[in-house]
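Trainee: sequence below, structure please.
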Amino acid sequence: MVPLNRRTLFIDVFQRWQAPVVLCARTGLGTINHALLSIEALQRRQIPLLGVLFIGDPVPDSEQTICTFAKVRRLGRLPRLPAVNPSALTAAFADNFNPSDFRAVLSY
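Mentor: Presented below is the predicted three-dimensional model:
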């Protein structure tokens, strides 16, 4: 529901494109409510959701709660990074994700 400009929200663009979305959710306070509301908004607009990617410190119970209630796939979790740049992201993805876990998702 983030504004792209004064007339359009990003979710409106996603709905027009009908491209699959990966929801990124931080693991801090309020994550369960924020993620479940975001998932509901995507589902109401019939926007394909590939799953949730968590960002931050591990909070396994919150991550599982979101995926269970929303019946969505947990795609993994990225830790907090000291710097966000291409090399840091490449290393973080290599350390925290197994590409074979995404084969079914990427074949969408």
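Trainee: CA only for contacts and neighbour counts going forward, please
Mentor: Noted.
Trainee: which other helices and strands contact the longest helix belonging to the chain?
Mentor: For the chain, the longest helix by residue count, based on DSSP state H, is helix 31-44. In terms of contacts (3 or more C-alpha pairs under 8 Å, 6 or more residues apart in numbering; DSSP states H and E), helix 31-44 is packed against strand 21-26, strand 49-55, helix 60-70.
Trainee: gap between the longest one and the chain center?
Mentor: This points to helix 60-70. Remark: helix 60-70 is offset 13 Å from the chain centroid, using C-alpha atoms, centre = their mean, to the nearest Å.
Trainee: may I have that helix as PDB, with CA atoms only?
Mentor: The C-alpha coordinates for helix 60-70 follow below in PDB (Å, rounded to 0.1, in the frame of the first residue of the first chain):
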ATOM      1  CA  PRO A  60      11.100 -18.400  14.500                       C
ATOM      2  CA  ASP A  61       7.700 -18.300  16.300                       C
ATOM      3  CA  SER A  62       6.600 -15.100  14.600                       C
ATOM      4  CA  GLU A  63       7.800 -16.400  11.200                       C
ATOM      5  CA  GLN A  64       5.900 -19.600  11.600                       C
ATOM      6  CA  THR A  65       2.800 -17.900  12.900                       C
ATOM      7  CA  ILE A  66       2.600 -15.700   9.800                       C
ATOM      8  CA  CYS A  67       3.100 -18.600   7.400                       C
ATOM      9  CA  THR A  68       0.600 -20.800   9.200                       C
ATOM     10  CA  PHE A  69      -2.200 -18.200   9.600                       C
ATOM     11  CA  ALA A  70      -1.800 -16.900   6.000                       C
END
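Trainee: quick one: average confidence on it?
Mentor: Regarding helix 60-70, the rounded mean pLDDT is 97.
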